[in-house]
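Colleague: this one's structure only:
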């Protein structure tokens, strides 16, 4: 028996119903605001004092329920509250109050799994013809396979509305309004027709600025002077008034945009469509409902006395992430309190951030500033500025991060705008002299990209696009900038008059290295030069991870290296790297063992991948400083073989298998 059947039967007289049970009379409804309060995960109800007659009725009903519970006929854990005048309503952490005599057109169930953005539709008049049984349901088309990508057929999905609440909303938009009606819709973002746009007209420039497009709301931060001059339950809000509407009979539309407490996801919109007469009183009632919004959570208030602690944590997190995923320590130059510091950087600054090395270090000034925004978040602005140098003008590059009172990420982060035609230091320089013969590069060499870089617009890359080589295919380096370093693995392959070499590229310390192809010349000038890496005599963990993987083998071969104060951990397999097979297994498979410097995983620097020599067993002490002795280029790598899963669609060449095994640091002794 369902909970709805139980409730329906409770409303019918039972065979043994007491003869003295009086007629159940509920308090009369009123149009006054505040009669019903709805929130996710529960309902609240407010009212005046109960009449004695009602008290007797309630007591009698409770006695009957106790009897039912005692016999097992009724389970409280499945019984909706029979005294609530509306059903349970899950609202994604938002609560709103409206008169209890209003009509609920739809209210999103807390168990809704359709992904609908329409949360609640209510009206002080009934809206006919838009019930779930009226609008029906729609089933999205099944995905079809197109090559290696799963897609839904565009012709089948264009303009479709699948989620039930959104279909009800689309019906309500077309339903004529009655005189004196308020029709109110609560949505998280604006419901969309797939591949078309909003169900009801929505102009993003009203909310996010004159240049805003349909998708510009996500990540938008409200600023003073842009109309976000209201506060609803402590969060920035904005009211937009429209005197025209697509809803038949409507005279005015009031729409409030309210930022959610997390400050980054889609805005909440409270949209009240009105039809006169007496628009003034209707407006007042709509205003009161919008102002009743309450959130389950709120941002922690900012405290000036703890600001710099939070600032330091936020910059450290950005610094750590950039080292792990981009192999750059650029953010190490920024002060952890507001101020400026002089530094020398060797990181290339792309539009989106640092990535790779520049040909020559650049002296810069790193400046940190911090302010609060309307979302009760701190915003740190990090700017690198430099004077004019060889081949580049004076300029600056900057980024920003938002964080909460504890220094945890909040809102968005990104780079600041820069002028058109802007040249980053290290991305330009003098072109090398023309060649007077072929450029031969021994396998195992370390090469550095020369100006102007290996660009997509260059002749070798364009020739490869026009006539792809069956071995190289699409695996070519894209826009390799001057200063980028690679380890040469195999080649050359001559194609369309250019020699191509396979090289290894490491992006940060958290991804396995990639193997790409680069041209050695553009037909006239060399695009790379052979270099000798800087090899510290007694390297630390940090110095080892600052080298490219093949540079470590180039520098130290199979020589024993002692690392003091190192901290080992066994990382989790966050992908399917563990599905790679090989012999010997302890060396050929992707290792999840990592070796950090003295600061461990909580420090800024990433780890060095390691393998454990079988003589030590299959594990070593973790989480505490240890002294390890080990080496690269283990003798077992000479016969190392690896096999990647067939579903990956490719296999590693013998050259790549050998390189991966030689580059792994093998721990042979632990103290």
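Modeller: On my side now, so go ahead. Worth saying up front: this structure is predicted, and the values here are computed from it rather than measured. Residues are numbered from 1 along each chain as shown.
Colleague: Residue 283 sits in which helix or strand?
Modeller: According to DSSP states H and E, residue 283 maps onto helix 279-291.
Colleague: Pull the distance from that helix to the chain's centre.
Modeller: In this view, helix 279-291 has its centroid 37 Å away from the chain centroid, taken as CA atoms, centre = their mean, to the nearest Å.
Colleague: Same question for stretch 388-400.
Modeller: 30 Å.
Colleague: Can you give me the first-to-last residue distance of that stretch?
Modeller: Terminal residues of stretch 388-400 lie 24 Å apart, using CA to CA, to the nearest Å.
Colleague: just stretch 244-264 next, same as before
Modeller: Terminal residues of stretch 244-264 lie 30 Å apart, using CA to CA.
Colleague: Stretch 250-269 now?
Modeller: 18 Å.
Colleague: Show me what counts as buried in that stretch.
Modeller: Judged by neighbour count using 16 or more other CB atoms under 10 Å, the buried positions of stretch 250-269 are 250-261, 263-264, 267-269. C-beta: built from backbone N, CA, C; applies to glycine.
Colleague: same question for it, mean pLDDT?
Modeller: Stretch 250-269 comes out with an average pLDDT of 90.
Colleague: same question, stretch 403-411
Modeller: Model confidence over stretch 403-411, given as mean pLDDT, is 90.
Colleague: And for stretch 561-573?
Modeller: On average, stretch 561-573 scores 91.
Colleague: Equivalent analysis for stretch 459-474, please.
Modeller: 91.
Colleague: Buried residues, stretch 343-352. List them.
Modeller: 343, 345-350.
Colleague: Adding distance to residue 163 and secondary structure, write the residues you listed out as CSV.
Modeller: CSV is the format used below for these (distance: CB to CB, whole Å; DSSP: H, G, I helix; E, B strand; the rest coil):
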residue, distance to residue 163, secondary structure
343, 52, strand
345, 49, strand
346, 51, strand
347, 46, strand
348, 45, strand
349, 43, strand
350, 39, strand
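Colleague: need the helices for the stretch 251-400 of the chain, in chain order.
Modeller: Assigned by DSSP state H, counting those that start in this stretch, the stretch 251-400 of the chain shows helices spanning 279-291, 307-326.
Colleague: if you compare the ones you listed, which one is most tucked away?
Modeller: Per-stretch averages of neighbours, counted by mean count of other CB atoms under 10 Å, single out helix 307-326 among these, with a mean of 19.
Colleague: So which residue is dead centre in this protein?
Modeller: residue 412 (9.4 Å; CA atoms, centre = their mean).
Colleague: just checking, it touches residue 403?
Modeller: No: applying CB atoms under 8 Å, one finds residue 412 not in contact with residue 403, separated by 10.8 Å.
Colleague: Overlap in contacts, those two.
Modeller: Residues touching both residue 412 and residue 403 (CB atoms under 8 Å, 6 or more residues apart in numbering): there are none.
Colleague: what comes up buried for the strand ranked longest in the chain?
Modeller: In the chain, ranked by residue count with DSSP state E as the criterion, the top strand is strand 353-372. Buried residues in strand 353-372, counted by 16+ other CB under 10 Å: 353-359, 362, 364, 366-368, 370.
Colleague: Which members of the residues you listed define the maximum pairwise distance?
Modeller: Spatially, the most separated pair among the buried residues of strand 353-372 is 359 and 370, at 33.3 Å (CB to CB).
Colleague: TSV for the buried residues of stretch 343-352, including distance to residue 525 and pLDDT?
Modeller: Output for the buried residues of stretch 343-352, formatted as TSV (distance: CB to CB, whole Å; pLDDT from 0 to 100):
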residue	distance to residue 525	pLDDT
343	33	93
345	27	86
346	24	82
347	25	80
348	20	72
349	25	75
350	24	70
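Colleague: Tell me the secondary structure of residue 487, please.
Modeller: Look at residue 487: counting by DSSP: H, G, I helix; E, B strand; the rest coil, its state is strand.
Colleague: How about residue 598?
Modeller: coil.
Colleague: just for the stretch 51-200 of the chain, where's the confidence low?
Modeller: For the stretch 51-200 of the chain, applying pLDDT under 70 flags the ranges 51-91, 109-116, 140-158, 195.
Colleague: where exactly do the strands run in it?
Modeller: For the stretch 51-200 of the chain, the strands defined by DSSP state E, counting those that start in this stretch cover 94-98, 103-107, 118-123, 144-146, 149-151, 182-188, 192-193, 197-198.
Colleague: The longest one vs strand 103-107, what angle?
Modeller: Counting by axes from the mean of the first three to the mean of the last three CA atoms, to 10 degrees, strand 182-188 points 20 degrees away from the direction of strand 103-107.
Colleague: Okay, now the sheet partners of strand 182-188, with direction.
Modeller: Applying DSSP bridges, strand 182-188 is found paired with strand 118-123 (antiparallel), strand 268-274 (antiparallel).
Colleague: residues in contact with the first one?
Modeller: Yep, that's strand 118-123 we're talking about. 38, 89, 91-92, 94, 96, 98, 102-108, 127, 163, 165-166, 168-169, 172, 181-188, 191.
Colleague: Would you mind listing which of the residues you listed are buried?
Modeller: Buried among those (16+ other CB under 10 Å): 38, 89, 91-92, 94, 96, 98, 102, 104-108, 127, 163, 165-166, 168-169, 172, 181-188, 191.
Colleague: ok so, going back, out of the buried residues of strand 353-372, which is nearest to residue 337?
Modeller: Checking the buried residues of strand 353-372 one by one against residue 337 (CB to CB), the nearest turns out to be residue 368, at 7.1 Å.
Colleague: which residues does the closest one contact?
Modeller: 311, 315, 334-340, 380-382.
Colleague: Next step: those residues restricted to strands.
Modeller: The members of these that map onto strands under DSSP E are 339-340, 380-382.
Colleague: among these, which two are most distant?
Modeller: Taking CB to CB as the measure, the ones in strands among the contacts of residue 368 span a maximum distance of 13.6 Å, between 340 and 380.
Colleague: which one of these two has more residues nearby?
Modeller: Legend: neighbour count by other CB atoms under 10 Å for residue 340 and residue 380, higher for residue 380 (24 against 14).
Colleague: For residue 554, which three-state class applies?
Modeller: Applying three-state DSSP: residue 554 is helix.
Colleague: Residue 434 falls within a strand, correct?
Modeller: No: read with three-state DSSP, residue 434 is coil and lies in no strand.
Colleague: what about it, neighbour count?
Modeller: 10.
Colleague: Perfect, I'm done here.
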